[in-house]
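1. Below is the sequence, then the predicted model.
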Amino acid sequence: MDLDKPPAPQPPEGCLVVALRLPVRIVVLVLVVPVRLAWDALVAAGRFLHATVLRPLGRALRRTGRALFVWPFVALWRWVLVPVGTALRWLGHVLVVAPLGWLHARLLTPLGHALRRAARRVVTHLLAPVGRGLAWLARGAGALLAAVGLGVFTGAAWLVRYLLVVPARWLHVHVLRPVGRALLWVAGALVAGAGAVLGWTARVVSLLRPVGRALLWVAGALVAGAGTVLCWTARVVFVLPVLALWRWVLAPVGRVLAVVAREVADALGHAWRVAGHLSRVVGRALGALFRWIFVEPARWVYRAVLTPVGHVVRDVVLRPAARAAREVGRVARLTLAAARETLRETRRDVRRALFGEPRRPATVDRREPPARDPRTLGSRTTVLTKD
């Protein structure tokens, strides 16, 4: 199995790596531990703030937003819009859909059937015979036009043959063919002369070809020599110094910098993990110390001292004081009610002694009294003003 295989052997490390590793890790650990402690403290403060402030505040804001925005719209939808929509749908069905359905079923459908039967009878008894007659007339006119067209075409063909084709054939046989043969003979003679001229020109060129080849070889040799000289000059002046600089300076410096960067990165990771363990130990120690110094004594005081004292104060002081306060309040309410009633009686007696009994209003019968001549539309007096 793959799990039973030994780990792959790592390449041997040089003396420079071993010499840089321990100092770099010590320096990085000294620099990273305060940063990790500060980071862990900020994380703990953020978690405490989130658990004690931000989460309750968010819940309160969520409930407030729900109470201010969601619930009113839900109530509006449930208790206003849905009933109104149901009522409008019922009204639309009663006022629009049902009358239209009745109109379609009772009026438009029979009318459409009647119109369809009438249109079918009109087509069968009127339009079909008319169409057959028009078709017969169209076939007769088509036959007549075909006969006339055939005669016109035959006459035109005869005229074209004897006016154009026959004279053109005579012109081709007796005029154009002899002239064409003469032109072909002249063109053959000219081509033969041009071929002879080109043959002599080719012989002259074949004689001058070795001289051209020699000149081309000389020019190529000169260009090749100049290119070789320029290539070696550029190599010696530019390529070899750059290659030496890369091989003996830049490559070793790059390897050293790569080793240093890798060791610094490994040291940072190792120091961050070690600082995390140290921060966890310090945090647990501070938490335990805070719990032993503040939390446990406060819990013991609350459980062993404040709770019994609170129970005693509640049973001995608060409950009797509440009962006494309720009795005092009830007696005060009764006393105030009796005082208000006494004040009303006293004020009523003083008003009666000074101004006497109040005059009672006389009752008036507002009904219309019976009369022989009641009010009419043509009279100008009413029953109450009439003598």
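-> Cool, got the structure. Computed from a predicted structure; not experimentally measured. Numbering: from 1, shown residues only.

2. Just give me the neighbour total for Arg284.
-> 10 (other C-beta atoms under 10 Å). In this view, the C-beta of every residue, glycine as well, is placed from N, C-alpha and C.

3. again, but for Leu278
-> As a burial measure, Leu278 scores 15 neighbours (other C-beta under 10 Å).

4. Arg291 versus that one, what's the distance?
-> Separation of Leu278 from Arg291 (C-beta to C-beta, to the nearest Å): 20 Å.

5. where does the stretch 1-150 of the chain have low pLDDT?
-> 1-22 (pLDDT under 70).

6. Let's see that with 50 instead.
-> For the stretch 1-150 of the chain, applying pLDDT under 50 flags the ranges 1-5, 7.

7. quick one: what helix or strand has Ala325 in it?
-> Ala325 is part of helix 319-355 when elements are defined by DSSP states H and E.

8. repeat for Gly142
-> Using DSSP H and E, Gly142 falls in helix 128-160.

9. And that helix, how far out from the chain middle?
-> 71 Å (C-alpha atoms, centre = their mean, to the nearest Å).

10. quick one: which helix or strand includes Leu111?
-> Assigned by DSSP H and E, Leu111 falls within helix 109-122.

11. Ok, Ala41 next?
-> Assessed by DSSP H and E, Ala41 sits inside helix 15-49.

12. Check which residues of that helix are buried.
-> When burial is assessed from 16 or more other C-beta atoms under 10 Å, helix 15-49 yields the following buried residues: 20-21, 24-25, 28-29, 32-33, 36-37, 40.

13. wait, which of those residues is closest to Thr201?
-> Ranked by distance to Thr201 (C-beta to C-beta), the buried residues of helix 15-49 are led by Leu20 at 84.5 Å.

14. Reformat the buried residues of helix 15-49 as a markdown table; add distance to Val148.
-> Shown next, in a markdown table, are the buried residues of helix 15-49 (distance: C-beta to C-beta, whole Å):
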| residue | distance to Val148 |
| --- | --- |
| Leu20 | 116 |
| Arg21 | 116 |
| Val24 | 115 |
| Arg25 | 117 |
| Val28 | 114 |
| Leu29 | 118 |
| Val32 | 113 |
| Val33 | 118 |
| Arg36 | 113 |
| Leu37 | 117 |
| Asp40 | 113 |
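
15. Which single one of those residues is nearest to Leu108?
-> Asp40 (83.9 Å).

16. how close does the closest residue in space to the closest one that isn't next to it in sequence sit to Leu42?
-> Excluding its sequence neighbours, the residue lying closest to Asp40 (C-beta to C-beta, 6 or more residues apart in numbering) is Ser279, at 4.1 Å. Between Ser279 and Leu42 the computed distance is 11 Å (C-beta to C-beta).

17. if I look at those two, which residues touch both of them?
-> Counting by C-beta atoms under 8 Å, 6 or more residues apart in numbering, Ser279 and Leu42 have no common neighbour.

18. elements contacting the helix or strand hosting the residue nearest to Asp40?
-> Per DSSP H and E, Ser279 falls inside helix 251-290. On a contact count with 3 or more C-beta pairs under 8 Å, 6 or more residues apart in numbering; DSSP states H and E, helix 251-290 meets helix 15-49.
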